[in-house]
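A.B. asks: Make a model of this:
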Amino acid sequence: MTTVEISVTELRKGLTQALEAAKDGEAVIITERGVPVARLTGVESADLLTRLEAEGLITPPAESRAVPRLPQAEAAKDALSSLLGRMRR
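C.D. replies: Residues are numbered from 1 along each chain as shown. Now for the predicted structure:
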């Protein structure tokens, strides 16, 4: 990442160029009377999974899989519904 220094006065005149530099991956250091006061950087638009996939650290699944419903979960849900029904009476 390269760094560009720009004064507040220059920033007011060239905000569009500063934003473009940030989008291109440059860090724009904003100075006031020669003293750094802020840093303008781009925001990564890709989420974590997309970025990891692009870097080759993960691969997408070969096919979409439905999550199986476990019989125990269905039985527990039925038991809970029954219990709540009895408590409401």
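A.B. asks: report the longest helix in the protein, please.
C.D. replies: Ranked by number of residues, the top helix in the chain under DSSP state H is helix 71-88.
A.B. asks: Check the offset of that helix from the chain's centre.
C.D. replies: Centre-to-centre, helix 71-88 and its host chain are 38 Å apart (C-alpha atoms, centre = their mean, to the nearest Å).
A.B. asks: With stretch 49-58 instead?
C.D. replies: Between the centre of stretch 49-58 and the centre of its chain there are 13 Å (C-alpha atoms, centre = their mean).
A.B. asks: pLDDT value on the residue nearest the centre of the chain, please?
C.D. replies: Geometric centre of the chain, nearest residue: Asp47, 4.4 Å, by C-alpha atoms, centre = their mean. pLDDT, Asp47: 72.
A.B. asks: got it, and Glu44?
C.D. replies: Per-residue pLDDT puts Glu44 at 69.
A.B. asks: mind saving the C-alpha coords of the longest helix of the chain as PDB?
C.D. replies: C-alpha atoms of helix 71-88 as PDB (Å, rounded to 0.1, in the frame of the first residue of the first chain):
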ATOM      1  CA  PRO A  71     -35.500 -37.200  14.200                       C
ATOM      2  CA  GLN A  72     -34.300 -36.300  17.700                       C
ATOM      3  CA  ALA A  73     -34.800 -32.600  17.000                       C
ATOM      4  CA  GLU A  74     -38.300 -33.200  15.700                       C
ATOM      5  CA  ALA A  75     -39.200 -35.300  18.700                       C
ATOM      6  CA  ALA A  76     -37.800 -32.600  21.100                       C
ATOM      7  CA  LYS A  77     -39.800 -29.900  19.300                       C
ATOM      8  CA  ASP A  78     -43.000 -32.000  19.600                       C
ATOM      9  CA  ALA A  79     -42.400 -32.700  23.300                       C
ATOM     10  CA  LEU A  80     -41.800 -29.000  23.900                       C
ATOM     11  CA  SER A  81     -45.000 -28.000  22.100                       C
ATOM     12  CA  SER A  82     -46.900 -30.500  24.100                       C
ATOM     13  CA  LEU A  83     -45.500 -29.300  27.400                       C
ATOM     14  CA  LEU A  84     -46.300 -25.700  26.500                       C
ATOM     15  CA  GLY A  85     -49.800 -26.600  25.500                       C
ATOM     16  CA  ARG A  86     -50.400 -28.300  28.900                       C
ATOM     17  CA  MET A  87     -48.900 -25.400  30.800                       C
ATOM     18  CA  ARG A  88     -51.300 -23.000  29.100                       C
END
